[in-house]
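Q: Just a sequence and a predicted model for now, questions to come.
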Amino acid sequence: MLDIQFIRDNPELVEEKAKQKGYEVDVNALLKVDEERRHLLVELEALRAARNDHAASLRQGKPSAEAIEKGKELKEQATLLEQKLAPLEQDVITLLKAIPNMPLDTVPVGSSEDENVVSKVVGEPTKFAFTPKNHAQIAEAKGWLDKERAAKVAGSRFAYLKGDLVLLDWAMNMFALTKLTDQSFVAGLIKDAGLSLSDKPFVPVQPPAVAKTDVYDATGRLNKEEQTYKLAEDDLWLNASAEHVLAPMYLDEILPEDALPIRYVGYTTAFRREAGTYGKDMEGFLRLHQFNKLEMESFNTPDTSLEEHKLMVAIQEYFMAALKLPYRVVDKCTADIGGPNASGIDIDVWLPGQNKYRETHTADLMTDYQTRRMQTKLRRKDGSLVFAHTNDATALSQRPLIAIIENYQTEEGDVIVPEVLRPFMGGKERI
C-alpha cells in the first residue's frame, strides 16, 4: 500500500505510474474520501479533548446535574462521529489497496510481457548431434514422471515425481542451501557485484504452508481469481510461493535497525490454481498445481533494498552459471512486474526440447508497499520509525530441474549430473 501523503502530494504521478502497470485508478475519489475523513478526525480529536477536559473538571468536586448531562452529550457526539468515521476509514483502505506500487524509473514501460527487455545473455543454446527430446519424454521413459496416475488421484496438472529425479531435485536444493547459508559465499558475491551490503548469510526456514485471509491480503499477493487456493472450511489460503508466508513473519512488529538485513531462504510445497492457462504447458511438469520451491526473502532498510535486489539477482545468476545452463536476464516491463512490485527481474533458461527460453527465476523489489499494510517497521538508531523494505526472489525450483534434464540429456536417454550436484547425489555422474 502506498503512503497516503505521497498520493496527496503526487496525484498525477500516481495515476500515470499506475496506468503504466495497466491499472486505471481514481485518485480523485480517494482524495475526496480522505479529505472528508481528515475533517472528521479533526472534529473527533477536538471532541475527545473536550471530553477529557470536562472529565478532569468533574473530579474537582461533586458534579452538578448539568455537568453530568454535558458529559453524556459529549460522549454521544463522539460516538456519532466515530460511527461516521468508520466507513470512511474502510473506504480509504479499499481505495488505497486498488493502487499498485510505483515502478522505479529504471523499469521499462510496456503494456505486456512482450515488451520485457533482455539485458544479458549468458552461454549459447545447447547443441546436440541428435534431435533432443523434451523433459517429459525423458522423464516418462525413465519412470521418473507419472501424471496419469496422479490425475486419477488429484486431477490434471498434478504429478508423481520419482526415483533419481527426486534425488536430483533435493541435490539442487542442498547445493543452494549450502551456498546461501555460507557467509563467505554471500560476502564474495557482494564484492564481485560491487555492492555495499552486509554479508549476513540466509537463515533456512520451513514456514507454514497457509496464511489467514487478512494476513495474505496484507502482502498484496492474494490472487483469488487466478492463483490462490482456499481451504473450504477454514479462513486459510495455500501459499503460492514461500515469500507469501515469509513476508508477513514480522506482522505488527518493530525491528531494530541493527538487526537488518534479515535474510531467509524458505522451502515450501506451493500451490497454484493456474486459472486462465487451460491447455497451456500441459506436457511434463513445467506448469503444475503443486510444486516445490526454494525462495529467498529479506527485510531491509529503505536505503539498501535496491542493492539487495541486485544481490538476489546475482545469486540467481551464480546458480545458473554453476549449473552451466544457458540463460538470459530479463528486465520485466511495468505491466509485467505485478501490482506490489517496484521492480522485477526474471531469469530465463534455454530449453532445447522447446527450442526457446523459459522463465525459471523471478526477483522482486517491493519497497515498503507490503510492510505498510503489514505494519512492519524499523526503529532507526536515532529513534525514528520508518517502514522496512522487503525483497523476494527464487533461489531454485523445479523449473531448473527441467533445464538440467533437457540440457544434459544424452542420445541414450540418460541425463548427466551437473558437477556441482554430484557431491549431493552420492557421486553419481549419470542417471
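A: Happy to help now that I have it. Residues are numbered from 1 along each chain as shown.

Q: rest of the way, CA atoms for contacts and neighbours
A: Noted.

Q: Read off the pLDDT value for A275.
A: Per-residue pLDDT puts A275 at 66.

Q: ugh, wrong one, I meant L231
A: Confidence score, pLDDT, at L231: 95.

Q: My guess is it contacts T213. True?
A: No: applying Cα atoms under 8 Å as the test, L231 and T213 come out as separate, 10.7 Å apart.

Q: Would you map the strands across the stretch 1-150 of the chain?
A: 117-122, 145-146 (DSSP state E, counting those that start in this stretch).

Q: Burial-wise, tell me which of these comes out on top.
A: strand 145-146 (a mean of 21; mean count of other Cα atoms under 10 Å).

Q: Now tell me what touches that one from outside.
A: Applying Cα atoms under 8 Å, 6 or more residues apart in numbering, the set of residues contacting strand 145-146 from outside is A136, A139, E140, A159, Y160, L161, K162, G284.

Q: residues contacting the last one?
A: So that's G284. So, once contact is read as Cα under 8 Å, 6+ apart, G284 ends up touching H135, A136, Q137, L145, K147.

Q: any idea how this structure splits into domains?
A: For the chain, the structural domains run 4-97, 113-425, going by automatic domain parsing.

Q: Check the ones you listed for me and report the most buried one.
A: domain 113-425 comes out most buried of the domains of the chain by mean count of other Cα under 10 Å, with a mean of 19.

Q: Centre of the chain to it, how far?
A: 10 Å (Cα atoms, centre = their mean, to the nearest Å).

Q: After the helix or strand hosting L165, which helix or strand is next?
A: Element membership for L165, per DSSP states H and E: helix 164-180. The helix or strand immediately downstream of helix 164-180 is helix 183-192, counting by DSSP H and E.

Q: residues contacting the nearest residue to A171 once chain neighbours are set aside?
A: In this structure, A171 finds its nearest non-sequential neighbour in F424, 4.9 Å apart by Cα to Cα, 6 or more residues apart in numbering. Contact partners of F424, counting by Cα under 8 Å, 6+ apart, are A171, M172, M174, F175.

Q: Ramachandran coordinates for F424?
A: As for F424, its main-chain torsions (degrees, to the nearest 10) stand at phi -100, psi 0.

Q: From Q83, how far off is it?
A: 62 Å (Cα to Cα, to the nearest Å).

Q: Same question for F291.
A: 47 Å.

Q: One more: T376?
A: Distance, T376 to Q83, using Cα to Cα: 28 Å.

Q: swap in K191?
A: Taken as Cα to Cα, the span from K191 to Q83 is 56 Å.

Q: what about the stretch 251-400 of the chain, any weak spots by pLDDT?
A: Applying pLDDT under 70 to the stretch 251-400 of the chain flags residues 275-280.

Q: the helices in it, which residues?
A: 305-322, 369-374, 398-407 (DSSP state H, counting those that start in this stretch).

Q: wait, which of those is closest to L74?
A: Nearest to L74 among those is helix 369-374 (33.1 Å), distances taken as Cα to Cα.

Q: contact partners of that closest one?
A: Contacts of helix 369-374 (Cα under 8 Å, 6+ apart): 1-3, 101, 215, 218-220, 247-248, 250-252, 340-341, 377, 387-390.

Q: from these, which ones fall inside strands?
A: The members of those that map onto strands under DSSP state E are K377, F387, H389, T390.

Q: my read: the second one touches T376, true?
A: Yes: the pair F387 / T376 is scored as a contact, 6.1 Å apart, by Cα under 8 Å.

Q: Check the gap between the residue nearest to D91 when sequence neighbours are not counted and L260 for me.
A: Of all residues beyond its chain neighbours, the one nearest D91 is V33 (7.3 Å), with distances taken as Cα to Cα, 6+ apart. Per Cα to Cα, V33 is found 37 Å from L260.

Q: Next: P63.
A: Distance from P63 to L260, by Cα to Cα: 55 Å.

Q: circling back: could you say what helices and strands the helix holding L165 packs with?
A: helix 183-192, strand 389-397, helix 398-407 (3 or more Cα pairs under 8 Å, 6 or more residues apart in numbering; DSSP states H and E).

Q: For R48, find the nearest of the ones you listed.
A: strand 389-397 (35.1 Å).

Q: how close does V420 get to V245?
A: Applying Cα to Cα, one obtains 30 Å for the distance of V420 from V245.

Q: now swap in E148 and tell me
A: Distance of E148 to V245, given as Cα to Cα: 31 Å.

Q: Tell me who's in contact with K133.
A: So K133 contacts P352, G353, E406 (Cα under 8 Å, 6+ apart).

Q: what does D331 give?
A: V107, P108, N116, V117, V118, S119, G344, I345, D346.

Q: tell me which of these is nearest to P87?
A: Checking those against P87 by Cα to Cα gives G344 as the nearest, at 35.1 Å.

Q: correct me, but the closest one touches T367?
A: No: the pair G344 / T367 is not scored as a contact, 11.7 Å apart, by Cα under 8 Å.

Q: which non-adjacent residue is nearest V349?
A: Y327 (4.3 Å).

Q: Just the CA trace of stretch 390-398, in PDB.
A: The C-alpha trace of stretch 390-398 is given here as PDB (Å, rounded to 0.1, in the frame of the first residue of the first chain):
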ATOM      1  CA  THR A 390      11.000  -6.300   1.600                       C
ATOM      2  CA  ASN A 391      12.700  -8.200  -1.200                       C
ATOM      3  CA  ASP A 392      12.000 -11.700  -2.500                       C
ATOM      4  CA  ALA A 393      13.500 -13.900  -5.200                       C
ATOM      5  CA  THR A 394      13.500 -17.500  -6.400                       C
ATOM      6  CA  ALA A 395      16.600 -19.500  -5.300                       C
ATOM      7  CA  LEU A 396      15.800 -22.700  -7.100                       C
ATOM      8  CA  SER A 397      12.600 -24.500  -8.100                       C
ATOM      9  CA  GLN A 398      11.600 -27.500 -10.200                       C
END
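
Q: Need the contact partners of that stretch.
A: So stretch 390-398 is in contact with 169, 172-173, 176, 243, 247, 265, 286, 291-300, 305, 308-309, 312-313, 315-316, 360-368, 370-371, going by Cα under 8 Å, 6+ apart.

Q: swap the cut-off to 6 Å and go again
A: With contact meaning Cα atoms under 6 Å, 6 or more residues apart in numbering, stretch 390-398 is reached by 293-299, 361-367.
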